[in-house]
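Visitor: what follows is a predicted protein model with its sequence.
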Amino acid sequence: MSDPREPIHVTFNFNNREINVSAFHIDKSYREAVRKILDIDDINQFNSMAYIEIPLNHLTDQTIPNESKWVFSWNQWNKKDQSFKIEQYMPFPVSNSLFHPNNYNPWTTLETWSYISKPSPYTNQTSDIKHKYNKNFYKLYDVTMEVIGKPAVADWSTKQ
């Protein structure tokens, strides 16, 4: 039996200096494959990140607020601990008739993976990939991500 979830594949390819997100559907609208030139944000000499934003189309679904997006990101901490994350940004609708909630957070984490390619000896660190997800998102989408090349300390994939 095949997986009924919509596949989305994201590649952070440092060798080719690009990020690729496969084509996919959001609700009833189709999203073309997206490619972005990879810009590495060096937070400092030990930490790096790269990301791509995919706007969610308000024109095809009026219930999606303007400026909503999914953000696919790769992070590396201490030249050792790597993670992939998918977040959703959905701004609160601006209206003079609405009261803004006190604790509203426009960001939601949809899925994360973390990996340590060279765990420190004599600690509880492992090279196992850790995975967390939003259950509603996971029911609909089968996301896989991979990183290729330096500055990543090791190539890896969420399919490992």
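Guide: Right, received. Where do you want to start?
Visitor: okay, Glu87: pLDDT?
Guide: At Glu87, the predicted lDDT confidence score is 97.
Visitor: what's the next secondary structure element after the helix or strand hosting it?
Guide: Assigned by DSSP states H and E, Glu87 belongs to strand 81-89. Downstream of strand 81-89, the next assigned helix or strand under DSSP H and E is strand 107-116.
Visitor: could you list the low-pLDDT ranges of this protein?
Guide: By pLDDT under 70, the low-scoring segments of the chain are 1-2, 27, 41-43, 58-60, 94-96.
Visitor: helices of the protein, start to end?
Guide: For the chain, the helices defined by DSSP state H cover 135-140.
Visitor: all strands for it, in order.
Guide: Taking DSSP state E, the strands of the chain run over residues 6-13, 18-21, 24-26, 29-31, 34-37, 41-42, 48-55, 69-77, 81-89, 107-116, 130-133, 141-148, 156-157.
Visitor: need those strands in CSV (columns: distance to Phe99).
Guide: All C-beta spots, glycine's among them, are computed from the backbone N, C-alpha and C. Converted to CSV, those look like this (distance: least, Cβ to Cβ, whole Å):
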stretch, distance to Phe99
strand 6-13, 35
strand 18-21, 36
strand 24-26, 29
strand 29-31, 31
strand 34-37, 36
strand 41-42, 36
strand 48-55, 27
strand 69-77, 25
strand 81-89, 21
strand 107-116, 21
strand 130-133, 32
strand 141-148, 33
strand 156-157, 45
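Visitor: now those in JSON lines, with distance to Asp61 and mean neighbour count?
Guide: Output for the strands of the chain, formatted as JSON lines (distance: least, Cβ to Cβ, whole Å; neighbours: other Cβ atoms under 10 Å):
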{"stretch": "strand 6-13", "distance to Asp61": "15", "mean neighbour count": "18"}
{"stretch": "strand 18-21", "distance to Asp61": "19", "mean neighbour count": "19"}
{"stretch": "strand 24-26", "distance to Asp61": "8", "mean neighbour count": "17"}
{"stretch": "strand 29-31", "distance to Asp61": "7", "mean neighbour count": "14"}
{"stretch": "strand 34-37", "distance to Asp61": "18", "mean neighbour count": "14"}
{"stretch": "strand 41-42", "distance to Asp61": "31", "mean neighbour count": "11"}
{"stretch": "strand 48-55", "distance to Asp61": "12", "mean neighbour count": "18"}
{"stretch": "strand 69-77", "distance to Asp61": "14", "mean neighbour count": "20"}
{"stretch": "strand 81-89", "distance to Asp61": "14", "mean neighbour count": "19"}
{"stretch": "strand 107-116", "distance to Asp61": "17", "mean neighbour count": "18"}
{"stretch": "strand 130-133", "distance to Asp61": "23", "mean neighbour count": "13"}
{"stretch": "strand 141-148", "distance to Asp61": "16", "mean neighbour count": "19"}
{"stretch": "strand 156-157", "distance to Asp61": "31", "mean neighbour count": "18"}
